[in-house]
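Undergrad: Here is my input; please provide its structure:
(one chain, ligands or ions: 1)
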Amino acid sequence: MSTTTAPNTAFAHDVVEGLSGEKKHLSSKYFYDDNGSRIFMQIMKMPEYYPTGCEFEILSQQSQDILKKLCFEERFDIVEFGSGDGVKTKQLLTTFLRNQADFTYVPIDISQEALDALQENITATLPNIKMTPKTGDYFEILDELAKSDTPKLFLFLGGNIGNYKPEEALDLLKKFHKGMNKGDMLLMGMDLRKNPRVIQTAYDDPHGITKAFNINLLKRINNELDADIALDQFDFYSNYNPENGEVNSYLVSLKKQHFHSTVLNTTFHFEKDELIWTELSKKYSLNEINNVAEEAGFSVVHNFMDCKHYFTDSLWVK
Ligand code: AVI
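TA: As a prediction, this is how the structure comes out:
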């Protein structure tokens, strides 16, 4: 890196910080701009990317069993963090309504646009649902919700917890715990350890879609920070380590090169074969799930798994 001016967005700041040190990194949270979200939709449709289908199977076939395990005697709220398009959640909501459960659905997202689309999608199929979407930061809303004594089922689906480093995941779960009342429950989507080849192929797909998902990070830098990265001069590499359950993904510089960002007024240098670490996707064993739940102050009530035991929606109670 050569010169720097003070960057004025979190993305700009993190690009400078991530591409300046010895070990280069860009956070996977920046995958999801409009284009990245579209690519992620494509990933979820790939036959190799099993988590989506597995969780859909669990929620479409076992939601009645999930309902039976809830310890609520009266009406309750279903609070969902990062609800996405709601396709999977709709399976659970439909079954709960069919079984006369008395609940209000409270999806939380930072994007008002995403919440509007979700509300339209859910109410089109479930016109009688009670729904109170909330826009904003998870933890501010969690603090506000903790003040009501209505029992709550929290949903954190999709296996998103796997994208946090173990210590960050624990920290996040402790924050959830702090914002919950005794008896509240949490349904956590978690991807399980399995045959390494299945995982390797899901994250290094033969169609190049996961590669495009990663290259999109560089596109964002070009577009948002007015940079001149030669996108075809970076490759993608992803590796599953069955010993620790971690998929780590990288962009790889194909030659010694540099790029310049006029917004940051900075030039970034890369050696040939230098890596940019982009994502962790951690796979858990059932033992690890028990341990992390306990460390965060929860008890595991039940693991709802798909027929192949690839994925679990793990139900926890505070
Ligand atoms: C969003 N998250 C749970 C995905 C995962 O499986 O870790 C993101 C992803 N990265 C590559 N493929 C999918």
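Undergrad: List the contacts of Thr132.
TA: By C-beta atoms under 8 Å, 6 or more residues apart in numbering, the residues touching Thr132 are Thr104, Tyr105, Val106. C-beta coordinates here come from the backbone N, C-alpha and C atoms, glycine included.
Undergrad: Can you check those and name whichever has the most neighbours?
TA: Ranked by the number of neighbours (other C-beta atoms under 10 Å), the contacts of Thr132 place Tyr105 first, at 26 neighbours.
Undergrad: Is it in contact with Ser83, as I believe?
TA: No. Here Tyr105 does not reach Ser83: they are 9.1 Å apart, not a contact under C-beta atoms under 8 Å.
Undergrad: could the contacts of Thr132 go into a markdown table alongside distance to the ligand?
TA: Shown next, in a markdown table, are the contacts of Thr132 (distance: C-beta to the nearest ligand atom, whole Å):
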| residue | distance to the ligand |
| --- | --- |
| Thr104 | 26 |
| Tyr105 | 22 |
| Val106 | 21 |
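Undergrad: Among the residues you listed, which ones are in strands?
TA: Residues from the contacts of Thr132 lying in strands, with DSSP state E as the criterion: Thr104, Tyr105, Val106.
Undergrad: beta partners for the second one?
TA: Read that as Tyr105. Ile78, Met131 (DSSP bridges).
Undergrad: Can you tell me how far it is from Ile122?
TA: 7 Å (C-beta to C-beta, to the nearest Å).
Undergrad: now swap in Gln64 and tell me
TA: Taking C-beta to C-beta, one finds Gln64 at 19 Å from Ile122.
Undergrad: Name the residue in these two with the higher neighbour count.
TA: Shown here are Gln64 and Ile122; by other C-beta under 10 Å, Ile122 has more neighbours (22 against 12).
Undergrad: and the closest residue to the more buried one other than its chain neighbours, how many neighbours does it have?
TA: Computed as C-beta to C-beta, 6 or more residues apart in numbering, the closest residue to Ile122 that is not its neighbour in sequence is Gly86, at 5.5 Å. By other C-beta under 10 Å, 21 other residues sit near Gly86.
Undergrad: Does Gly86 touch Pro107 like I think?
TA: Yes. If you go by C-beta under 8 Å, Gly86 and Pro107 touch, sitting 7.4 Å apart.
Undergrad: Now do the shared contacts for these two.
TA: Leu118.
Undergrad: what's near enough to touch Lys219?
TA: By C-beta under 8 Å, 6+ apart, Lys219 lies in contact with Asn35, Leu231.
Undergrad: backbone phi and psi for it, please?
TA: Dihedral angles of Lys219 (phi, psi; degrees, to the nearest 10) stand at phi -60, psi -40.
Undergrad: Ile43 versus whichever residue of the chain sits closest to the ligand, what's the distance?
TA: Among the residues of the chain, Ser281 lies closest to the ligand, at 3.4 Å counting by C-beta to the nearest ligand atom. Distance, Ser281 to Ile43, using C-beta to C-beta: 11 Å.
Undergrad: Same check on Pro127?
TA: 31 Å.
Undergrad: These two: which is more packed in?
TA: Just comparing Pro127 and Ile43: by other C-beta under 10 Å the higher neighbour count belongs to Ile43, 20 against 7.
Undergrad: ok, now which ones touch the more buried one?
TA: By C-beta under 8 Å, 6+ apart, the contact list for Ile43 reads Tyr49, Asp205, Ile209, Thr210, Phe213.
Undergrad: Going by secondary structure, it is in what exactly?
TA: Per DSSP states H and E, Ile43 falls inside helix 34-45.
Undergrad: Identify each buried residue in that helix, please.
TA: Of the residues in helix 34-45, Gly36, Ile39, Phe40, Ile43, Met44 count as buried by neighbour count, 16 or more other C-beta atoms under 10 Å.
Undergrad: filter those residues down to the ones near the ligand?
TA: Applying C-beta under 6 Å from any ligand atom to the buried residues of helix 34-45, one finds that Ile43 fall near the ligand.
Undergrad: Now do the domain split for the chain, please.
TA: According to automatic domain parsing, the chain comprises the domains 9-31+198-282, 50-192+284-317.
Undergrad: would TSV of those with mean pLDDT be doable?
TA: TSV is the format used below for these (pLDDT from 0 to 100):
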stretch	mean pLDDT
domain 9-31+198-282	97
domain 50-192+284-317	95
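Undergrad: Show residues contacting stretch 281-293.
TA: 159, 161-166, 169-170, 173, 190-194, 199, 203, 240, 245-247, 249, 299-300, 303, 312, 314, 316.
Undergrad: Pull out the buried residues from those residues.
TA: Listed as buried from the contacts of stretch 281-293 are 159, 161-164, 169-170, 173, 190-194, 199, 203, 240, 245-247, 249, 300, 303, 312, 314, 316; burial here means 16+ other C-beta under 10 Å.
Undergrad: In strands only, show me these.
TA: Using DSSP E, these in strands are Met190, Asp191, Tyr240, Glu246, Val247, Ser249, Val300, Asn303, Thr312, Ser314, Trp316.
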